[in-house]
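Student: sequence and computational prediction follow.
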Amino acid sequence: MKKFTTLSEKIESQGNMDESNETWILGFDFNVDYNSETAEDILSDIQKRFKKLYVGNGSGGKGFDVSFEGSKKDITKVKKYIEKTYKNQLNSKYTNMYLDEGTVTKPMTFTFHSTRNAKQFAYDVSNAAIATTNVIGKTVEVTLLRVSSVGAAHRTLAKMSKKSKGKLTESAYVIAEWVSNTMIPTPIQFDDESILLECDSADTIVDVNQSLNEENQVRFQDQLNSSMESFKKMIRFAYENTK
């Protein structure tokens with residue numbers, strides 16, 4: 001197998017890119033009651049301080065998420081300020097900062113025990129305005145809209161699929177992202193056998209994937225998805241490269 005590059009090697013290989021023309025996305029998840037005075041004060045502060053970069057906020061439950069977009073330099077300043085000022089109010093596990101490459105989100109497939117449950121799930125998702133849905137018998141294809149926080153959207157979908165007694169039936173890497181965002185251990189099916197992916201392993205897989213260049217991300221994900229044996233080898237590789 002071709003040697004995987006590290007994140008530093010990836011950056012070095014890309015040379016001196018003009019980052020001023022790139023758009024970066026930043027999302028935070030706060031563990032503060034969305035209807036509280038504390039939440040109101042936090043939102044007022046960050047909206048005024050970063051008015052040109054602020055995108056919006058939303059709540060899928062008790063807490064709330066906020067998002068920003070702008071140049072890497074500006075977004076980094078926002079990240080440092082919020083992490084320093086609101087450290088105790090953040091669910092830091094769900095902080096996301098990434099380059100907006102304008103890619104189209106691939107649909108995720110959920111499977112249910114009945115068409116009735118599938119339709120109920122699709123109805124709930126549509127009402128939440130976080131994704132489009134396509135019902136095919138007992139399965140539902142879900143394509144996320146542009147949301148302020150993918151993590152928050154995944155957690156909302158997790159609650160809805162549980163309510164309708166469904167499960168995510170996707171490739172190993174897609175499930176790894178799902179588990180990392182929702183903190184819900186989820187089984188991965190390989191032909192006639194399955195393995196339960198725990199949160200720690202999912203986080204490690206996602207971290208390693210993000211450190212690779214585009215070509216090696218494809219190779220890494222292909223190896224994860226190909227078989228149970230290959231998946232276990234990639235898990236070992238991931239842990240070895242995050243020590």
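Tutor: That came through fine. Numbers count the residues shown, from 1 in each chain.

Student: touching, residue 135 and residue 122? I think so.
Tutor: Yes - the pair residue 135 and residue 122 passes the contact test of CB atoms under 8 Å, sitting 5.0 Å apart. Heads up, the C-betas are built off the backbone N, CA and C, glycines and all.

Student: look at those two and report which has more neighbours.
Tutor: The neighbour count for residue 135 versus residue 122, taken as other CB atoms under 10 Å, is higher for residue 122 (22 against 15).

Student: assign that one to helix, strand or coil.
Tutor: Under DSSP: H, G, I helix; E, B strand; the rest coil, residue 122 falls in the helix class.

Student: grab the nearest non-local neighbour of it.
Tutor: In this structure, residue 122 finds its nearest non-sequential neighbour in residue 133, 4.0 Å apart by CB to CB, 6 or more residues apart in numbering.

Student: list of residues touching stretch 162-176?
Tutor: Applying CB atoms under 8 Å, 6 or more residues apart in numbering, the contact partners of stretch 162-176 are 106, 108-113, 117-118, 120-121, 124, 139-140, 161, 178, 186-189, 197, 201-202, 205-206, 209, 220-221, 224-225, 231.

Student: list buried residues within those residues.
Tutor: For the contacts of stretch 162-176, a neighbour count by 16 or more other CB atoms under 10 Å gives the buried set as 108-112, 117-118, 120-121, 124, 140, 161, 178, 186, 188, 197, 201-202, 205-206, 209, 220-221, 224-225, 231.

Student: for residue 62, which residues are in contact?
Tutor: Applying CB under 8 Å, 6+ apart, the residues contacting residue 62 are 33-34.

Student: that one: what secondary structure?
Tutor: Here residue 62 takes the coil state, with states given by three-state DSSP.

Student: likewise residue 195?
Tutor: Applying three-state DSSP: residue 195 is strand.

Student: and the gap between it and residue 224?
Tutor: Distance from residue 195 to residue 224, counting by CB to CB, to the nearest Å: 11 Å.

Student: what sits in contact with each of these two?
Tutor: By CB under 8 Å, 6+ apart, the residues touching both residue 195 and residue 224 are residue 231.

Student: the strand or helix carrying residue 56 packs against which elements?
Tutor: If you go by DSSP states H and E, residue 56 is part of strand 54-58. If you count contacts as 3 or more CB pairs under 8 Å, 6 or more residues apart in numbering; DSSP states H and E, strand 54-58 packs onto helix 37-49, strand 64-70.

Student: sitting in helices, which of the contacts of stretch 162-176 do you find?
Tutor: Judged by DSSP state H, those include 117-118, 120-121, 124, 161, 178, 201-202, 205-206, 209, 220-221, 224-225, 231 as members of helices.

Student: how close does residue 41 sit to residue 162?
Tutor: For residue 41, the distance to residue 162 - CB to CB - is 33 Å.

Student: likewise residue 91?
Tutor: Remark: distance between residue 91 and residue 162 (CB to CB) = 20 Å.

Student: who has more neighbours, these two?
Tutor: In this view residue 91 and residue 162 are compared by other CB under 10 Å, and residue 91 has more residues nearby, 16 against 12.

Student: enumerate every residue touching that one.
Tutor: Counting by CB under 8 Å, 6+ apart, residue 91 has contacts 29-31, 63.

Student: now the two most distant members of those.
Tutor: 29 and 31 (7.4 Å; CB to CB).

Student: list residues touching both of these two?
Tutor: 63, 90-91.

Student: got a markdown table for those residues, with pLDDT and distance to residue 78 too?
Tutor: Shown next, in a markdown table, are the shared contacts of residue 29 and residue 31 (pLDDT from 0 to 100; distance: CB to CB, whole Å):
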| residue | pLDDT | distance to residue 78 |
| --- | --- | --- |
| 63 | 85 | 19 |
| 90 | 93 | 13 |
| 91 | 88 | 17 |
